[in-house]
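**Student:** Quick one, fold the following:
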Amino acid sequence: MFRLTDFNFHNKTVFLRADLNSPVKDGRIISDARFRAVLPTVSYLLEHGAKVIIGTHQSKPYKGDYTTTEEHAEILSELLGQDVEYVEDIFGRYARERIRELKPGEALMLENLRFAAEEVKYKPIEDCEKTFFVRKLAPLIDYVVNDAFAAAHRSQPSLVGFARLKPMIMGFLMEKEVEALARAYDTEERPRAYVLGGAKVDDSLRVAENVLRNGRADLILTGGLVGQVFTLAKGFNLGDANIEFMEKKDLLELVDWAEKILDDFYPYVRTPVDFAVDKDGERVEVDLLSGEKWLFDRYPILDIGSRTVEKYRDILMKAKVIVANGPMGVFEREEFALGTVGVFRAIGESPAFSVVGGGHSIASIYQHNITGISHVSTGGGAMLSFFAGEKLPVIEAFRISYERFKDKIKGE
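**Tutor:** Down below sits the predicted model:
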């Protein structure tokens, strides 16, 4: 696959696909973590005289934080120490005029790519190539740099559509992500522990099944809703309040799948031995084997318990490789952050090579100043797809582009 250092970018027009999709509160972006992650790539291109067109998306059409990229341009300008012009257009005449007027070392930010209907659908490369987005912009572009690892599991025009038309190059963030995830997945070092939490239960089940079946994991530790589904699969009753909640989220239909994984790979999947419930605003811990289980009927489970944290910590401190995705509970509430913070802190203190991903996981790591994790991934869904053994469309597009252009660019 092509790397940035393979090319001379001076006076070349580069479309940089980033993923600056960030949490928004009251109409304002509240985290610049993804901006800082792509900064090395943007700086490198500008310092080497490229004319840089930055494309990103922000949220989904039906979400409350579906906004323009005007603030994205402002934040990037501040971090770079130079102006990044916000262009209120994607591939129309105005955008194309502004692109043609760019000078070496200048950058502009296109409007939210998801304002274009073509960008919201998943299509194969052949169909993405035919979109107006690609057809209108391709004649203006020399190279495409993709640093949007968090969107690598999607096949959309801005992500894969240029791959057979222009050399598609990995940005520094993409390169770092691919290397770290491949190292964690391919290693023969043991023991290898996977920590699966959060609410993406079906994705986590795919990961668990893949890494256990292919001998890539020695132990799976579960928390969040993933842990609750596996706990039900083991035959424990989590009470009316929690079962009703899981039914509303369509999670009960996943219990049979979790049970099959347990049947095939017992005892390699560990589940919480205690949980913390919200009893009238107060954290109360309930052991699965205690007489207090009646509390599950009335109160929601919002975290794993202290005994589980200690058991997980012992395992993590002995691990050589750790992959973790998703929080252990509702860490946004301080009294229910104990599980997530305890487990992530243990990962940071472990001598293991560790990869942690997922938006909520990253937020918790930064919020609680957790250090020592080898690689914090910017991609939640993309990371889960990778460890589930699925082909990531963007990674495949890099390979296709490399095969098509590797001979043509020699000597550039």
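
**Student:** quick one: the strands in the stretch 251-400 of the chain?
**Tutor:** For the stretch 251-400 of the chain, applying DSSP state E, counting those that start in this stretch gives strands covering 269-270, 274-279, 282-287, 301-304, 321-325, 353-357, 375-376.

**Student:** Nearest to I169, out of these?
**Tutor:** strand 375-376 (21.1 Å; CB to CB). Glycine gets a C-beta too; all of them are placed from N, C-alpha and C.

**Student:** as a whole number, average confidence for the closest one?
**Tutor:** Average pLDDT, strand 375-376: 94.

**Student:** Need the contact partners of that strand.
**Tutor:** The contact list for strand 375-376, computed with CB atoms under 8 Å, 6 or more residues apart in numbering, reads K176, E177, A180, A184, S354, V355, V356, G357, I362, I365.

**Student:** cool, and stretch 99-109?
**Tutor:** 10-11, 13, 42, 46-47, 49-54, 56, 69, 72-73, 76, 80, 82, 84-87, 98, 137, 140.

**Student:** before we move on, what about stretch 254-271?
**Tutor:** 201-202, 205, 208-209, 212-213, 217-222, 227, 229-234, 311-312, 315.

**Student:** again, but for stretch 227-244
**Tutor:** 197, 201, 205, 222, 246, 251-252, 254-256, 258-259, 261-262, 269, 271-272, 275, 288, 293-301, 304, 328.

**Student:** Weed out the non-buried ones from those residues.
**Tutor:** 197, 201, 205, 222, 246, 251, 254-255, 258-259, 261-262, 269, 271-272, 275, 288, 293, 295-296, 299-301, 304, 328 (16 or more other CB atoms under 10 Å).

**Student:** Please flag which of the contacts of stretch 254-271 sit within helices.
**Tutor:** Among the contacts of stretch 254-271, the ones falling in helices (DSSP state H) are 201-202, 205, 208-209, 212-213, 227, 229-233, 311-312, 315.

**Student:** Where does pLDDT dip in the stretch 301-412 of the chain?
**Tutor:** 410-412 (pLDDT under 70).

**Student:** Leaving out chain neighbours, which residue sits closest to V24?
**Tutor:** Spatial nearest neighbour of V24, chain neighbours left out: D65 (3.5 Å); criterion: CB to CB, 6 or more residues apart in numbering.

**Student:** where does the one you found sit relative to D26, distance-wise?
**Tutor:** With distances taken as CB to CB, to the nearest Å, D65 is found 10 Å from D26.

**Student:** quick one: which of the two has more around it?
**Tutor:** Between D65 and D26, D65 has the larger neighbour count (other CB atoms under 10 Å), namely 17 against 6.

**Student:** Please give me every residue in contact with A151.
**Tutor:** A151 neighbours (CB under 8 Å, 6+ apart): R17, D19, N21, H57, L159, G379, A382, V394.

**Student:** of these, buried ones?
**Tutor:** Here the buried ones among those, as counted with 16+ other CB under 10 Å, turn out to be R17, D19, N21, H57, L159, G379, A382, V394.

**Student:** gap between the last one and D297?
**Tutor:** V394 sits at a distance of 46 Å from D297 (criterion: CB to CB).

**Student:** for the second one, same thing?
**Tutor:** Between D19 and D297 the computed distance is 42 Å (CB to CB).

**Student:** gap between Y268 and F398?
**Tutor:** 33 Å.

**Student:** Of the two, give the one with the bigger neighbour count.
**Tutor:** With neighbours defined as other CB under 10 Å, Y268 and F398 compare such that F398 has more, 22 against 16.

**Student:** show me what contacts L225?
**Tutor:** Per CB under 8 Å, 6+ apart, neighbours of L225: G197, G198, A199, V201, M246, K249, L251.

**Student:** is it true that the second one touches A363?
**Tutor:** By that I understand G198. No. In this structure, G198 is not within contact of A363 by CB atoms under 8 Å, at 11.6 Å.

**Student:** which of the residues in the worst-scoring helix or strand of the chain on mean pLDDT are buried?
**Tutor:** Lowest on mean pLDDT, DSSP states H and E among the helices and strands of the chain sits helix 359-367, with a mean of 79. By 16+ other CB under 10 Å, the buried positions in helix 359-367 come out as G359, H360, S361, I362, A363, S364, I365.

**Student:** Nearest to G372 among those residues?
**Tutor:** Nearest to G372 among the buried residues of helix 359-367, with distances taken as CB to CB, is I365, at 10.2 Å.

**Student:** so how far is I347 from that closest one?
**Tutor:** 9 Å.

**Student:** shared neighbours, these two?
**Tutor:** V356, I373.

**Student:** how deep is the closest residue to V284 other than its chain neighbours tucked in, by neighbour count?
**Tutor:** Excluding the flanking residues, the one nearest V284 by CB to CB, 6+ apart is V277, at 5.4 Å. Neighbour count for V277, taken as other CB under 10 Å: 23.
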